[in-house]
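# for reference, the sequence and a predicted model appear below.
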Protein chains: 2
Amino acid sequence: MNTRERILETSLRLFNSFGEPNTSTNHIADEMNISPGNLYYHFRNKGEIVGLLFQGYERRMLELLSASESRDLDVEDMWLFLHLAFEIIWDYRFLYRDLDNLLGRHRLVRRHFQRIMRRKTDTALSICRGLAKAGVLRASEEEIDSLCRNIVLVATYWMSFDNAVRPRDTNPGNVLGRGVYQVMSLVAPFLDGDQRVLIQTLGRRYIV
Amino acid sequence: MNTRERILETSLRLFNSFGEPNTSTNHIADEMNISPGNLYYHFRNKGEIVGLLFQGYERRMLELLSASESRDLDVEDMWLFLHLAFEIIWDYRFLYRDLDNLLGRHRLVRRHFQRIMRRKTDTALSICRGLAKAGVLRASEEEIDSLCRNIVLVATYWMSFDNAVRPRDTNPGNVLGRGVYQVMSLVAPFLDGDQRVLIQTLGRRYIV
DNA sequence: GTCTATATAGGGATAGAC
DNA sequence: GTCTATCCCTATATAGAC
């Protein structure tokens, strides 16, 4: 693997572990046993590294969102979909950890992140409307609006929240599982009895 | 007003406007037209300022939580309660803006903030159970658990979310109003028809 | 491509005069 | 209490040798 790729890979790992603002270019170079000068031969500045990592996140997330809008999902599909989304978020969790900070400093990242948030909301709307048409979900159009806003909000900040309240259990599987359940519990009250119970049953695995 | 108080007041204002990590002690001193040395005569370090501001937040929030646990609330009380909570959050919004960062650097703040999160969850549980007993809210114990987790999560990150998706409308009244409605919409699906409609009606004011 | 050395800037914090 | 001057440290980034 060439140096450029290794820098990106190492940066992502360190950003995720310690936070982007707490990870200097010196740290990154030091971790790889290269000189800081070498790092700056491959990248104009730190922002360029952040930007390229963000592009990777964006590509994967948009891919998932596209795949999910192309067909009607049932409740179990939604479960799987959320799992896949949370896996991407996990891989790029540094973006979420210091979100305000990051969006404040990188114009381009801000614009694109906002676009992704809108796309997520649209996907949620399309899924929920599909479920409503199929008669599985019962809600007014206004209720679906606020529901989908809540879905995106909870999915976006779940890891920060979980990390703030219970920083002990850092096992990714558990953190993500609880996040998926937490989002599904937003949808549950609008579902029929059977589906509603199913969510509680599936969710029970994750509650520790 | 003495210098010590003015430093605290100015710090809070600048932290809220620009974020705590982006506000140096030099900025604070400069804004007040005093010397950096003078600031350090009144405070050991920047962390002490953050800690004291946090204490103000903690005192106000615990006061509100205590007041709300002492008696049974109906749905309209809850609306008022949330308004008051969001006002406190607004006054100390710098805490929420860089939450992970802050909790990572200040042990004491982290411990106390976690305690407040637990207290908030307990208050939410006590209110929801009260509503359930009164027959206004219909939900299993498990559903109430995840509902209250979502209430605290949405209340905690609402401003960050709103600021990330639509950074145009910074009018505090609108931001807070939408936040209150967003939290109430979590509770709505568990309520009876009348109450559920009431929330939509009250909420319509805030939707822009 | 990679290194060493260094420029530049800023933040936190202290010493000592007034 | 307040100021000036300054120290120390770290971070981003560049220059020039190899």
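Nice, thanks for sending it over.
# got the domain ranges for chain A?
A:1-43, A:56-204 (automatic domain parsing).
# so A:Leu191 versus A:Tyr181, what's the distance?
Distance, A:Leu191 to A:Tyr181, by Cβ to Cβ, to the nearest Å: 14 Å. Where you see a C-beta, it was placed from the backbone N, CA and C, and this is true even at glycine.
# what's next to stretch A:99-119, contact-wise?
A:20-21, A:47, A:50-51, A:54, A:58, A:61-62, A:65, A:95, A:152, A:156, B:19, B:21-22, B:97-98, B:101, B:160, B:163-165 (Cβ atoms under 8 Å, 6 or more residues apart in numbering or on different chains).
# repeat for stretch A:29-38
A:Thr3, A:Arg6, A:Ile7, A:Thr10, A:Leu14, A:Thr25, A:Asn26, A:Leu39.
# which residues touch the third one?
Meaning A:Ile7. So A:Ile7 contacts A:Ile28, A:Met32, A:Leu39, A:His42, A:Phe43, A:Ile49 (Cβ under 8 Å, 6+ apart).
# how about the last one?
Under the criterion of Cβ under 8 Å, 6+ apart, the contact partners of A:Leu39 comprise A:Ile7, A:Thr25, A:Ile28, A:Ala29.
# could you redo the last one with a cut-off of 6 Å?
Counting by Cβ atoms under 6 Å, 6 or more residues apart in numbering or on different chains, A:Leu39 makes contact with A:Ile7, A:Thr25, A:Ala29.
# also the fourth one?
A:Thr10 makes contacts with A:Ile28, A:Glu31, A:Met32, as judged by Cβ under 6 Å, 6+ apart.
# which one among the contacts of A:Leu39 gets closest to chain B?
A:Thr25 (17.8 Å; Cβ to the nearest Cβ).
# so the closest one versus DNA strand D, what's the distance?
4 Å (Cβ to the nearest atom of the strand, to the nearest Å).
# list the buried residues of the helix or strand containing A:Gln114.
In the assignment (DSSP states H and E), A:Gln114 maps to helix A:107-133. Neighbour-count burial for helix A:107-133, counted by 16 or more other Cβ atoms under 10 Å in any protein chain shown, picks out A:109-110, A:112-113, A:116-117, A:119-121, A:123-132.
# near DNA strand D at all, it?
No - Helix A:107-133 lies apart from DNA strand D when judged by Cβ under 7 Å from any atom of the strand; the minimum separation is 14.4 Å.
# how about stretch A:88-99?
No - applying Cβ under 7 Å from any atom of the strand, one finds stretch A:88-99 out of contact with DNA strand D, separated by at least 13.0 Å.
# before we move on, the earlier item: same for DNA strand C: which of the contacts of A:Ile7 are within range?
A:His42.
# export the contacts of A:Ile7 to a markdown table and tack on distance to B:Gly173?
Below are those laid out as a markdown table (distance: Cβ to Cβ, whole Å):
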| residue | distance to B:Gly173 |
| --- | --- |
| A:Ile28 | 44 |
| A:Met32 | 50 |
| A:Leu39 | 47 |
| A:His42 | 49 |
| A:Phe43 | 44 |
| A:Ile49 | 40 |
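# export the contacts of A:Ile7 as CSV, with columns for secondary structure and distance to A:Val197.
Formatted as CSV, those follow (DSSP: H, G, I helix; E, B strand; the rest coil; distance: Cβ to Cβ, whole Å):
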residue, secondary structure, distance to A:Val197
A:Ile28, helix, 49
A:Met32, helix, 51
A:Leu39, helix, 54
A:His42, helix, 54
A:Phe43, coil, 52
A:Ile49, helix, 47
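# number of residues surrounding the residue in chain A positioned nearest to DNA strand C?
Residue nearest to DNA strand C within chain A (Cβ to the nearest atom of the strand): A:Gly37, separated by 2.4 Å. Per other Cβ atoms under 10 Å in any protein chain shown, the neighbour tally for A:Gly37 reads 8.
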